[in-house]
Each structure stands twice: as structure tokens, then as C-alpha cells.
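Asks: Turn this into a structure:
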Amino acid sequence: MAGGTVVAATDAPLNARPGVYALGLHLDRSRQLDVGALGEITFPAGDYLYVGSAWGPGGLAARVQRHLRGGTGRHWHIDALRAVATPVALWLAPESRAECAWAQQLLALPGARIPAPRFGASDCRCPTHLIFFETIPPAATLLAGAQFVQLKML
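Replies: Just a heads-up that it's a prediction; the model follows:
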């Protein structure tokens, strides 16, 4: 189920400051999607972590809320996957510029795979900013120092 309203399981407000985030997504079945310049990509069922940054107006709050709403048009690579995947978790680091470091850290974890080369990484040298796991590792082992928010669908 990709639709519905997403809320934080905690009442932690999203921060309007700029920074870095990782969005955890679950895809219930394999899907082939058109990802703009990256072309048609088959995404296997499982869990994904997408690392992004938000330095524009509204900071993390505006960017993350856009991802959580879904269905708001396709501007970034993640919009194609978000249209069919369910948000399940969120990591936030206001004022951090560690986007590429986070992607590299996640890629180094056991079981991490690159489902789509260059996904979310068109403006850097990273192999990808989207990491696939059959199941996302425990939140406590990921992205030390980030604020973790468990999400649920209503």
C-alpha cells in the first residue's frame, strides 16, 4: 500500500532547518519503474533506504513532508519509487552535510545492495543514494547521531 497518510509514531515535529535525511521505504512486490534519465529499473520487493539532503526553503520539514505525502509529481529519482513504496522509517540530522557519508556507510552494511546505480546521486560521485536490503537492519545500528522516527500508515 503506497497511499494513505503517514504520521510519526512519536510526536516529534519535523525540523525546518536544513540537513540530511534517510527515508526507509518498503516495497511489497517487485516493480519495474521508469526513473527518468536512469531508464526502466526493476526494483525487487524488500526494504530501501534513500539518503537525501534538504537545503532549500523549509529545510528538512518541507522535503520530508513532500516524500511522505507522495503523489506530488516527479522531480527527483525517489519520486518514482515513492509512488509505489510505503514509508516506514526516517532518520534526520539537521545542519549535517553528511549525505554522501551516510550513503557510503549504509552501502558497507551486510546485505546492502545497489538496486539502481546513480539513483539520487546525479550531483556527486557516489555509486547510489538508494540502498536495498531484504529487511532494513535494526534502527539502532544505523546512522549514529541521527534522530530516528518510526513511521506508520493511517
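Asks: In the protein, which helix is the longest?
Replies: helix 59-69 (DSSP state H).
Asks: Can you name the residues in contact with that one?
Replies: The contact list for helix 59-69 (Cβ atoms under 8 Å, 6 or more residues apart in numbering) reads 6, 13-19, 21, 23, 52, 54, 56, 72, 78, 82, 87, 90, 92, 94, 151. To be clear about C-beta, it is placed using only N, CA and C from the backbone, and glycine gets the same treatment.
Asks: One more pass at 10 Å, please.
Replies: 5-8, 13-21, 23, 25, 50, 52-58, 72-73, 75-76, 78-79, 82, 87, 90, 92-96, 147, 149, 151 (Cβ atoms under 10 Å, 6 or more residues apart in numbering).
Asks: pLDDT of the helix or strand just after it, averaged?
Replies: Counting by DSSP states H and E, the next helix or strand C-terminal to helix 59-69 is helix 77-82. Mean pLDDT, computed over helix 77-82, is 88.
Asks: What strands line up against the helix or strand that comes right after helix 77-82, and which way round?
Replies: Sequence-wise, the next helix or strand downstream of helix 77-82 (DSSP H and E) is strand 86-94. Paired with strand 86-94 in the same sheet, following DSSP bridges, are strand 19-27 (antiparallel), strand 147-153 (antiparallel).
Asks: Which one of those strands lies nearest to Thr135?
Replies: Among these, strand 19-27 comes nearest to Thr135, with 9.3 Å by Cβ to Cβ.
Asks: tell me which strands and helices the helix or strand following that closest one is in contact with?
Replies: Note on strand 19-27: by DSSP H and E, the next helix or strand toward the C-terminus is strand 31-34. If contacts are counted by 3 or more Cβ pairs under 10 Å, 6 or more residues apart in numbering; DSSP states H and E, strand 31-34 sits against strand 40-43, helix 77-82.
Asks: Test my guess that Trp91 contacts Tyr21.
Replies: Yes: counting by Cβ atoms under 10 Å, Trp91 does reach Tyr21; the two are 6.4 Å apart.
Asks: Mind checking which of the two has more residues around it?
Replies: Comparing Trp91 with Tyr21 by other Cβ atoms under 10 Å, the one with more neighbours is Tyr21, at 28 against 21.
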